[in-house]
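>>> sequence and predicted structure, then a few things I'm wondering about:
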Amino acid sequence: MFRSIRWRIAIPYGALILLIMLGLTAYLSGLVRQAYLASLEAQLGAEARLTADGTAPLLASRAGPETLDPLAKHWAGLLGTRVTIIGSDGTVLGESHANRPQMDNHLRRPEVQQALATGQGKTIRFSQTEGYKMMYVAVPARSASQVVGIVRVALSIAQVEAQVGALRQAILGAMLPATLVAILLALFIAERTARPVHWLTQVAQRLARGDLGARLVPTTRDEVGQLTRAFNAMADHLQEQVTTLATERGRLAGVLEHMADGVIITDSEGQVQLINPAAARLLGTDQVDALGRSLAQVVRRYQLIDLWQRSRERGDEQAQAVEIEQRGLFLQAIVTPLREDGRRGYLLILQDLTRLRRLETVRRDFVSNISHELRTPLASIKALVDTLRDGALADPPAAQHFLDRMEVEVDALTQMVQELLELSRIESGQVPLSLRAVAVADVVGPPVERLRPQAERAGLILAVDLPSDLPLVLGDAERLQQVMTNLVHNAVKFTPAGGQVTISAQGGPDEVVISVRDTGVGIPPADLPRIFERFYKVDRARSRGGTGLGLAIAKHIVQAHGGRIWAESREGKGSTFYFSLPVAS
């Protein structure tokens, strides 16, 4: 209702009139009431003085209740009021309406005290004796300038209240029609005033919805007509500006939307004015929520905030490499000051160099690792060849031993090359997978039985705990057995004698999780995130052999099946390797 200008005009007018009438009612009621009470007080005062003059001789002669009590009733009958004759000590000596012997001392009554102090006392209160509100007026009775008693006259004010109530009802009865007429008149005036505004509102709403051709024909020459013509001129200018801005904005939005680099524009106070999808993705924020917020709240990286502040302080372009470890990102950040229409702003560009750095790191680590892996067997072969050349060929048994050692090193090199080729083919997707529904027991059983003799020679217990109700998984049985072989072989190799290796599985609605748990030496927390990298070995001395490629191969095989692989470990308490496989539908 209050959204309409008609009601915003009519209701305040009606409320104002209603308040005025209520105020007038209260004022007039109070004024009339005070006038009636003043008149009643004057009347009762005169009657009290008349009664006091007639009673003073009797009070001076110390007449008793037997004389004054009938006298009080006599005066009450003549005046039509309640008359009370009180001695100077407060004792009630005569009473026209109540039972005098049961009345208490009246010396401390307010009207009595006021009469003794000023010559006349008045009070209005509820009478416990009569059961209604009364006005009491008391005057002293004097004899030879001495107060010999007090005469009090009282009368109910119910008539006064009734007259005031009648006046109040009359005013209220006139108030309601007047208020209704005022509201109707205000509605009529408001409707005539609001009609052109309503038409302007409709045209403005059409403009807001995109109808830039909406216009309003002026019908008057008054202020509303001038407003209509100004509105039409504004709409023409707006249509021209919107068309131009839409074209430019479309070009800019297309560029920003498809840029690989993140772009953020802030004002001089650091409030984000623009952010493209690439920047929101790199910073892990929402594009809509970021607008209007401070740069610190959006980027949440002190390096980027410091870079922006340096550009602001120095007034020139600043660049810095920033690494976001939590998200594994490596960015090149560039902050450039902007000036437009006297206002300062800043352009922040984020170039994602994560992939380039990762490739560089992988290349560097690969060269370092493969160099390290090749150095040991090549050095051994070189030493064996030198030994044979230096005369060991003349000793057939020693020569045979050296040749056997050379064959072991060559086999190690051959295995490394084969695993590298295998890993390369898996990563590049050149290894086709023969996917079919496979029982988990067929994935776990053959590798376990193959490695059981090795576990027994190492003094280990190799246990398999597979539920009977496991669903079939979708996979290539041969490749999955290769994963199990790598995991179980590692568990056997890194578990001391007397330990145990347990293979178990747990089924779910969408996947089956297979685990290999051992009681071995465990993996340090610092090494755990990197164990699936190629050539990475927890055993820094590499005394346990192996190429460091087994877990990398297992990871890529599992991922090629659409599964996950991870590990949990406590150093000295053992490790558990998990991998998941999708359930065959």
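Here it is on my side, so go on.

>>> when you work out contacts or count neighbours from here on, use the C-alpha atoms and nothing else.
Fine.

>>> middle-most residue in this protein, spatially?
Closest to where the C-alpha atoms of the chain average out (Cα atoms, centre = their mean) is D289, at 12.8 Å.

>>> which element is that one on?
According to DSSP states H and E, D289 maps onto helix 287-290.

>>> what's the helix or strand following that helix packed up against?
Using DSSP H and E, the helix or strand that follows helix 287-290 in sequence is helix 295-299. On a contact count with 3 or more Cα pairs under 8 Å, 6 or more residues apart in numbering; DSSP states H and E, helix 295-299 meets helix 302-314.

>>> for the helix it packs on, give the mean pLDDT please.
For helix 302-314, the mean per-residue pLDDT is 88.

>>> which parts of that helix are buried?
Buried residues in helix 302-314, counting neighbours by 16 or more other Cα atoms under 10 Å, are found at Q303, L304, I305, L307, W308, R310, S311, R312.

>>> ok, stretch 494-512 next?
By neighbour count with 16+ other Cα under 10 Å, stretch 494-512 contains the buried residues 494-497, 499-507, 511-512.

>>> stretch 66-86 too?
For stretch 66-86, using 16+ other Cα under 10 Å, the buried residues are 68-69, 71-73, 75-76, 81-86.

>>> ok, now stretch 15-28?
Those would be I17, L18, M21, L22, L24, T25, L28, for stretch 15-28 by 16+ other Cα under 10 Å.

>>> of these, which is the nearest to F577?
Among those, L18 lies closest to F577 (Cα to Cα), at 83.1 Å.

>>> how about that closest one, what does it touch?
Shown in contact with L18 (Cα atoms under 8 Å, 6 or more residues apart in numbering): M175, L176, T179.

>>> the same query, at a cut-off of 10 Å, please.
P12, L24, L172, M175, L176, A178, T179, L180, A182 (Cα atoms under 10 Å, 6 or more residues apart in numbering).

>>> what does V148 give?
By Cα under 10 Å, 6+ apart, V148 lies in contact with 52, 55-62, 86-89, 140-142.

>>> separation between the residue lying farthest from the centre of the chain and V147?
Of all residues in the chain, S61 has its C-alpha farthest from the mean position, at 90.9 Å, by Cα atoms, centre = their mean. With distances taken as Cα to Cα, to the nearest Å, S61 is found 13 Å from V147.

>>> one more: R339?
99 Å.

>>> so between the two, which is more surrounded?
Just comparing R339 and V147: by other Cα atoms under 10 Å the higher neighbour count belongs to V147, 17 against 11.

>>> was I right about that one contacting G90?
No. Checked against Cα atoms under 10 Å, the pair V147 and G90 is beyond contact range at 11.9 Å.

>>> what's the burial count for R457?
R457 is flanked by 9 other residues according to other Cα under 10 Å.

>>> list the contacts of it.
The contact partners of R457, taken as Cα under 10 Å, 6+ apart, are A497.

>>> from L116, how far out is it?
Distance, R457 to L116, using Cα to Cα: 126 Å.

>>> check H198 too.
Noted for H198: a distance of 74 Å to L116, by Cα to Cα.

>>> who has more neighbours, these two?
A count of neighbours by other Cα under 10 Å puts L116 above the other of H198 and L116, at 19 against 14.

>>> got a list of what that one touches?
By Cα under 10 Å, 6+ apart, the contact list for L116 reads S88, L107, A138, V139, P140, A141, V147, G149, I150.

>>> determine which two of the residues you listed are furthest apart.
Pairwise over the contacts of L116, using Cα to Cα, the maximum falls at L107 and A141, 14.1 Å.

>>> who has more neighbours out of the two?
Shown here are L107 and A141; by other Cα under 10 Å, A141 has more neighbours (30 against 18).

>>> just checking, that one touches T51?
Yes. At 8.7 Å, A141 and T51 qualify as touching, with contact defined as Cα under 10 Å.

>>> joint contacts of the two?
Common contacts of A141 and T51 (Cα under 10 Å, 6+ apart): I85, I150, V151.

>>> roughly how far apart are the last one and A458?
Spatial separation of V151 from A458 under the definition Cα to Cα is 127 Å.

>>> cool, L331 as well?
For L331 relative to A458 (Cα to Cα), the value is 49 Å.

>>> compare these two (neighbour count), which wins?
Remark: of L331 and A458, L331 carries more neighbours, 21 against 16, as counted by other Cα under 10 Å.

>>> verify the stated contact: the more buried one with A321.
Yes. Judged on Cα under 10 Å, L331 makes contact with A321 at a distance of 5.7 Å.

>>> list the contacts for S96?
Applying Cα under 10 Å, 6+ apart, the residues near S96 are 68-77, 81-85, 153.

>>> mind checking which of those are in helices?
Using DSSP state H, the members of the contacts of S96 that fall within helices are L68, D69, P70, L71, A72, K73, H74, W75, A76, G77.

>>> wait, the fourth one touches V83, no?
The reference is to L71. Yes. In terms of Cα under 10 Å, L71 counts as a neighbour of V83; the distance is 9.3 Å.

>>> residues shared between the contacts of these two?
Counting by Cα under 10 Å, 6+ apart, the common neighbours of L71 and V83 are T51, G77, G94, E95, S96.

>>> the third one contacts L58, doesn't it?
No. Taking contacts as Cα under 10 Å, G94 lies outside contact range of L58: 11.6 Å.

>>> SS state for R125?
Per DSSP: H, G, I helix; E, B strand; the rest coil, the local secondary structure of R125 is strand.

>>> can you get me a residue count around it?
Using other Cα under 10 Å: R125 sits among 12 other residues.

>>> same question, A154
When neighbours are counted by other Cα under 10 Å, A154 registers 26.

>>> which one is it nearest to, not counting chain neighbours?
Using Cα to Cα, 6 or more residues apart in numbering and skipping residues adjacent in sequence, the residue nearest A154 is Y136, 4.4 Å away.

>>> then V492?
That would be A455: by Cα to Cα, 6+ apart, it lies 6.0 Å from V492.
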